[in-house]
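K.L.:
Kindly generate the corresponding structure for this input.
(2 chains)
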Amino acid sequence: MNRRTMGKTVLGLAGAAIALSVGLGAGMGSAFAQEKLKVGFVYVGPVSDHGYSYQHDQGRLAVEKALGDKVTTTFVENVPEGADAERVIEQLAASGHKLIFTTSFGFMNPTLKVAKRHPDVKFEHATGYKRAENVATYSGRFYEGRTVVGAIAGKMTKSNIIGYIGSYPIPEVVGGINAFTIALREQNPKAEVRVVWVNSWYDPGKEAEAAKALIDQGADIIVQHTDSPAPIQTAQERGLWSVGQSSDMTRFGPKSHLTAIVEDWNGYYVDRVKAVLDGSWKPIDTWGGISTGMVELAPYNPAIPADVVKMADQIKADIVSGKRHSFQGPVKDQSGKVVIPEGKSATDEQILKMDWYVEGVQGKVPK
Amino acid sequence: MSDLALIGPILAAMFAAATPLLFAALGELVVEKSGVLNLGVEGMMLVGAVCGFAVTVQTGSPVTGFLVAAFAGAATASLFAVLTLFLLANQVATGLALTLFGVGLSALIGQGFVGIPLEGLPKLHIPGLTDLPVVGQALFGQDIMVYLAVAAVPLVHLFLYRSRAGLVLRAVGENHTAAHALGYKVLRIRFFAVLFGGAMAGLGGAFLSMDYTPMWAENMTSGRGWIALALVVFATWKPVRAMLGAWLFGGVTILQLHVQGLGIDVPSQLLSMLPYLATVLVLVLISRDVARIRLNAPACLGKLFHPDA
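P.N.:
Predicted structure coming up:
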């Protein structure tokens, strides 16, 4: 029957299109010499996103550059979190990869499932909290970068209103808002932070709309914890400041981009591959900040005054030396209650579970 | 800044946010009036978005970009038209496949264009008028595509209800067998309607990638094609209502962001849900009255037609 076969062909075509966009670059590693260590990378987005997945792929390229004679790498991009992820990770494990990096929170359970079936393969899961004999976890203390950015914003704002675009109200993002606000108000006690949640990591249209709304409400600096450069374009159009996320976004708004919080996995990936090569690999948890190079700041906008740059560098140095902590007491919540007393700073557990705003943030954390 | 002063910016942002929806919804409205249901709006928007962006980057001419976007949207739609009109494939399945296809194809075309910034279109500025309080920015401070989308509303309305060609198109959508018996080329008319729908979806997508957020990102329409589809039903297949619906959708989107920024304690999820809730409500209301459905929904919507049958 004409009609039925056509319908099938069309669905087949669509299937092929998905497979194409999901599976590009997968399973190409087997042609190389066997004595080399095969390292696999699983990305949630496209390598070309110039944000989160792009930064992970920069790490993969750093591994190739540093250890290219001893390892081969494979990556799979655009892997949806969920059942598909397990299939992709399983495929990498089954095709001889001995070290596999799964780079998104939602890959946590699939990674552990596959790890159970392949005890001889080592796994590294980013931003998760479940480990096993052969599963290590790693993440960055990105809030440290937000402390530096907050201090810069405190010096640069004129309207004393900062617009903050959030993705999802998870502890990582809420903690980032708090770290930013504490540093902001240390420089400028009159400044306040207004938060808009867009409920997405990547929706340029909605991020731009959120930026416009915040600007219309008087914000003169836009900070984002979402991945698209749309807020920077919007801020540039309105002649205001912005702060980039994940990677250097200067080219989207050279006049607007103050700096960006850059995630740099290069050093970590090279170290971990080396550890597998020399047999010292252990399923540890790594949470690295500015001191490890995992968190960096993009080059400052030349329009930032020299004394502000000097202050930012000093804060960075103090964080590295341990003289300063992003959540150093006394820290008050919105009701004015002291949550972190003077002389203490937040524990890692407090940071990982943060679900309240500090003084100076408007609105409430969505439940 | 007092909260009342926000009305102007909210209105201005609302018209811009409604523009991609309006383009896509008007196109789909004409398609459905001819009796064809094309669920591939999202896919056509994405193909239009990436092609328009790519061409503008290469040539530096937004006009060429928008023309190519419309053409690319129409070309994608022609795939759907050939499959459903001439090869009699199921319209729902083909439309869904077209969306999936458009997502993949646009990502493939766009690979080399991620991370390239583009200048948006210039905004209108009429001294005096644009500076008017409250409505100045909203009415006289937009860019040309926003005005074009609004201008398309009366044009589509006049075409459908005041022209002979529109009458024939509606006849085809209401009863293709009768229209065929009268000697009208049902398939040809539907083919061109589907192409028009594709071109409008392409323009809507290109508005996003070339103007609203001048950049290309995979899947950047983020479901706006589906909202456009819902708008057509919401509008009960009437162009002017589609425009009001697009403003409502755009307005609520912008408003809920402002409510959050002001720290007003209303769950943002509830506000984002409102337009959809309104669509469901309208559906329930028009479904209560069988006569009204008969009056508004094209009777042959989604039905296959074979001239020899």
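
K.L.:
Show me which residues of stretch B:254-265 are buried.
P.N.:
Neighbour-count burial for stretch B:254-265, with 16 or more other CB atoms under 10 Å in any protein chain shown as criterion, is recorded at B:254-261. Quick note: C-beta positions are derived from backbone N, CA and C, even for glycine.

K.L.:
Can you narrow those down to the ones near chain A?
P.N.:
Filtering those for neighbours of chain A using CB under 8 Å from any CB of the partner chain leaves B:254, B:257-258, B:260-261.

K.L.:
Of those residues, just say which sits nearest to residue A:308.
P.N.:
Of all these, the one sitting nearest residue A:308 is residue B:261; the distance, using CB to CB, is 26.0 Å.

K.L.:
show me what contacts residue A:365?
P.N.:
In this structure, residue A:365 makes contact with A:169, A:174, A:355-357, judged by CB atoms under 8 Å, 6 or more residues apart in numbering or on different chains.

K.L.:
will you turn those residues into TSV that also has neighbour count and pLDDT?
P.N.:
TSV is the format used below for the contacts of residue A:365 (neighbours: other CB atoms under 10 Å in any protein chain shown; pLDDT from 0 to 100):
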residue	neighbour count	pLDDT
A:169	18	88
A:174	25	95
A:355	11	92
A:356	15	94
A:357	19	95
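
K.L.:
now, which of these lie within helices?
P.N.:
Cross-referencing these against helices under DSSP state H gives residue A:174.

K.L.:
Rebuild the contacts of residue A:365 as JSON lines, extending it with distance to residue B:13.
P.N.:
Formatted as JSON lines, the entries for the contacts of residue A:365 read as follows, by distance: CB to CB, whole Å:
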{"residue": "A:169", "distance to residue B:13": "24"}
{"residue": "A:174", "distance to residue B:13": "27"}
{"residue": "A:355", "distance to residue B:13": "31"}
{"residue": "A:356", "distance to residue B:13": "31"}
{"residue": "A:357", "distance to residue B:13": "26"}
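
K.L.:
that older thread, which of the buried residues of stretch B:254-265 lies closest to residue A:182?
P.N.:
Ranked by distance to residue A:182 (CB to CB), the buried residues of stretch B:254-265 are led by residue B:261 at 20.5 Å.

K.L.:
Can you verify my assumption that the closest one contacts residue A:197?
P.N.:
No - at 10.2 Å, residue B:261 and residue A:197 do not qualify as touching, with contact defined as CB atoms under 8 Å.

K.L.:
so what sits against both of these two?
P.N.:
In terms of CB under 8 Å, 6+ apart, residue B:261 and residue A:197 are not both contacted by any residue.

K.L.:
Give the next helix or strand downstream of the helix or strand harbouring residue B:104.
P.N.:
Residue B:104 is located in helix B:91-110, with elements delineated by DSSP states H and E. Scanning the chain past helix B:91-110 towards its C-terminal end, the next helix or strand to appear is helix B:136-140 (assignment: DSSP H and E).

K.L.:
model confidence over that following helix, on average?
P.N.:
In this model, helix B:136-140 has a mean pLDDT of 82.

K.L.:
just stretch B:181-189 next, same as before
P.N.:
Taken as a whole, stretch B:181-189 has a mean pLDDT of 93.

K.L.:
what number of residues lie near whichever residue of the stretch 1-150 of chain B sits closest to chain A?
P.N.:
With distances taken as CB to the nearest CB, the stretch 1-150 of chain B approaches chain A most closely at residue B:104, which sits 3.2 Å away. Residues within reach of residue B:104, counting by other CB atoms under 10 Å in any protein chain shown, total 23.

K.L.:
for chain A, what spans make up the strands?
P.N.:
If you assign secondary structure with DSSP state E, the strands in chain A sit at A:37-42, A:71-76, A:99-102, A:122-126, A:135-140, A:161-166, A:192-197, A:221-224, A:241-246, A:257-263, A:285-288, A:295-297, A:331-332, A:338-340.

K.L.:
typo on my end, chain B
P.N.:
Remark: no strands are assigned in chain B by DSSP E.

K.L.:
what's the longest helix in it?
P.N.:
helix B:7-33.

K.L.:
So for that helix, what gets flagged as buried?
P.N.:
Of the residues in helix B:7-33, those buried by neighbour count under the rule 16+ other CB under 10 Å are B:8-33.

K.L.:
If we check chain A, which of those are in contact?
P.N.:
Applying CB under 8 Å from any CB, the subset of those adjacent to chain A comprises B:9-10, B:13, B:17, B:20.

K.L.:
how far does stretch B:196-207 sit from the chain's center?
P.N.:
7 Å (CA atoms, centre = their mean, to the nearest Å).

K.L.:
ditto for stretch A:45-65
P.N.:
12 Å.

K.L.:
for stretch B:213-228, same thing?
P.N.:
Once both centres are worked out by CA atoms, centre = their mean, stretch B:213-228 turns out to sit 12 Å from its chain's centre.

K.L.:
among the helices and strands of chain B, which has the poorest mean pLDDT?
P.N.:
For chain B, the helix or strand with the lowest mean confidence is helix B:290-296, at a mean of 71 (criterion: mean pLDDT, DSSP states H and E).

K.L.:
all helices of the chain, in order?
P.N.:
Picked chain A for this. A:2-23, A:52-67, A:83-94, A:108-117, A:142-156, A:171-187, A:204-216, A:230-237, A:266-278, A:306-321, A:348-352.

K.L.:
actually it's chain B I care about, not the one you picked
P.N.:
Assigned by DSSP H, the helices in chain B fall at B:7-33, B:41-59, B:62-81, B:91-110, B:136-140, B:144-162, B:164-174, B:176-181, B:186-207, B:224-234, B:239-261, B:268-288, B:290-296.

K.L.:
Looking at the ones you listed, which is nearest to residue A:97?
P.N.:
helix B:91-110 (25.2 Å).

K.L.:
how about that closest one: buried residues?
P.N.:
Neighbour counts over helix B:91-110 (16+ other CB under 10 Å) mark B:91, B:93-107, B:109-110 as buried.

K.L.:
that older thread, wait, which of the strands of chain A is closest to residue B:288?
P.N.:
Among these, the nearest to residue B:288 by CB to CB is strand A:192-197 (36.5 Å).

K.L.:
Now tell me what touches the closest one from outside.
P.N.:
A:160-169, A:177, A:180-181, A:184, A:210, A:213-214, A:217, A:219, A:360-363, A:366, B:257, B:260-263, B:268.
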